[in-house]
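Colleague: Next one to model:
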Amino acid sequence: MTAIYVDADACPVKAEVERVGTRHKVQIYVVSNGGLRPSPNPLVENVIVPEGPDIADMWIADRAKTGDVVITGDIPLAAKCVEAGARVLKHNGEALTQANIGNVLATRDLMADLRAADPFRQGGGKGFTKADRSRFLEALERELRAAARA
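Modeller: The predicted structure follows:
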């Protein structure tokens with residue numbers, strides 16, 4: 001049975017996950033350190049983990065398995081979930097797979113090194129757009145259909 005795991009802290013697509021997951025009748029775990037409004041949807045379980053670095057990530061990584069879908073922007077978590085056989089999507093709809101996770105991890109590490117070397121380097125990535133939200137919805141739909149066929 002497919003489940004969706006959402007790394008919910010700072011996740012801009014929780015409502016979209018709930019809408020698509022409900023349409024597919026899939027159990028959804030929204031994992032955070034707290035502070036999120038619980039959903040009345042019986043398919044959505046809010047999981048509150050203790051404060052601490054990567055506690056939510058560890059909770060998801062310990063449970064995600066082949067056929068599940070994980071929504072996260074955390075690249076180390078994504079790598080663990082891909083290794084476990086889960087389908088992983090970033091918030092902008094980009095799929096993280098066996099074929100690309102190594103490059104994505106390497107790029108993340110390189111960018112962290114560049115930021116550490118230049119303390120005046122400001123700014124982050126691009127803002128989250130309507131196009132990102134649309135791509136995410138299409139990608140989640142595609143991943144859930146593929147999981148159902150598998």
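
Colleague: pull the helix or strand with minimum mean pLDDT from the chain.
Modeller: The helix or strand of the chain with the poorest confidence is helix 101-117; it has a mean of 69 (mean pLDDT, DSSP states H and E).

Colleague: Contact partners for the residue nearest to E138 when sequence neighbours are not counted?
Modeller: Counting by Cβ to Cβ, 6 or more residues apart in numbering, E138 lies nearest to G93, which is 6.4 Å off, once chain neighbours are set aside. Glycine gets a C-beta too; all of them are placed from N, C-alpha and C. G93 is in contact with 132, 134-140, counting by Cβ atoms under 8 Å, 6 or more residues apart in numbering.

Colleague: Kindly reformat these as a markdown table containing neighbour count and secondary structure.
Modeller: Output for those, formatted as a markdown table (neighbours: other Cβ atoms under 10 Å; DSSP: H, G, I helix; E, B strand; the rest coil):
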| residue | neighbour count | secondary structure |
| --- | --- | --- |
| D132 | 18 | helix |
| S134 | 13 | helix |
| R135 | 17 | helix |
| F136 | 23 | helix |
| L137 | 16 | helix |
| E138 | 12 | helix |
| A139 | 20 | helix |
| L140 | 23 | helix |
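
Colleague: any weak-confidence spans in the protein?
Modeller: Scanning the chain for pLDDT under 70 picks out 108-115, 119-125.
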